[in-house]
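1. return a 3D structure for these sequence lines:
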Amino acid sequence: MNCLSSLFQKTRTFVAVALLSLGGLSAGLPIATAQAQEGTAYWKDSSGQPVRSGSGECVRAGFFTPSMATEQCDPSLAPKKAVAAPASSPASSVEPKAASLPVVVPTPQSVTYKADSFFDFDRTSLKPEGTEALLKMLDQAKGTNIEEIRVEGHTDAVGSEGYNLKLSVRRAEAVKAFLVQQGIPANFIKTEGFGETQPVANNATPNGRAQNRRVMVELIGSKVVGK
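-> You can find the predicted model right below:
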């Protein structure tokens, strides 16, 4: 049995050398040193180049499979290399600018009016001068997202403290009623009367008392000022 195996091995080696002799002599390759090197499915000569047949084809080893094909010997079977994407030009690599966003800023507005210009003496009905001043304020606030309006009423020290407190509250409420008529939601408007408790000038003089009789309107909101 060992003799048969040895004979078969010698016969296979002889056939391989004979095939190489037929196909490689035309290329002048050193056939005697050609062998199927480890890690490759093609026969190579002593210089490491693939051994080619008379028709110019690489001589494959007996264990060759299509998955072992190389670009040099079997370009139609070899896996295709990924083609690198062309480098983008400087112009195309520039990222587009992000669209600018609107700029929203708070726009508090606080205006103090003389109560005498808003109301007649000891009255709570708005005078024409008062309505005109409030309309001008609303016109200046156009484009503003109104969040809150505060209305404060103040008086001088003439009369009782209790009476002056009630008078300041009624006047603040009169301003609120007018603003609601102009379309401002009532829940956006807060009113408060302070009577004579927060003077800004001396009540002992006519000029000081005139400064203390006042209505303050503060508008709180935000407005888009640019894009």
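
2. C-alpha from now on. contacts and neighbour counts both.
-> Fine.

3. show me the strands in this structure, by range?
-> Taking DSSP state E, the strands of the chain run over residues 35-36, 43-44, 103-106, 109-114, 144-154, 189-195, 214-226.

4. tell me the most buried of the ones you listed?
-> Looking across the strands of the chain with neighbours counted as mean count of other CA atoms under 10 Å, the highest average goes to strand 43-44: a mean of 22.

5. against which helices or strands is that one packed?
-> Applying 3 or more CA pairs under 8 Å, 6 or more residues apart in numbering; DSSP states H and E, one finds that strand 43-44 contacts strand 35-36.

6. mind listing the helices for the protein?
-> Read by DSSP state H, the chain holds these helices, from start to end of the chain: 2-24, 90-93, 115-118, 128-140, 161-181, 206-212.

7. domain assignment for the protein?
-> Following automatic domain parsing, one finds the domains of the chain at 2-68, 103-226.

8. tell me the contacts of S168?
-> E152, G153, H154, T155, E192, G193, F194, G195 (CA atoms under 8 Å, 6 or more residues apart in numbering).

9. cutoff 6 Å now
-> G153, H154, G193, G195 (CA atoms under 6 Å, 6 or more residues apart in numbering).

10. let me know the pLDDT of it.
-> At S168, the predicted lDDT confidence score is 96.

11. where's it relative to V175, distance?
-> 11 Å (CA to CA, to the nearest Å).

12. quick one: low-confidence parts of the chain?
-> Across the chain, the stretches falling below the confidence threshold (pLDDT under 70) are 1-40, 62, 80-105, 107, 224-227.

13. turn the contacts of S168 into a markdown table, columns for distance to A133.
-> Rendered in a markdown table, the data for the contacts of S168 read as follows (distance: CA to CA, whole Å):
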| residue | distance to A133 |
| --- | --- |
| G153 | 16 |
| H154 | 18 |
| G193 | 20 |
| G195 | 22 |
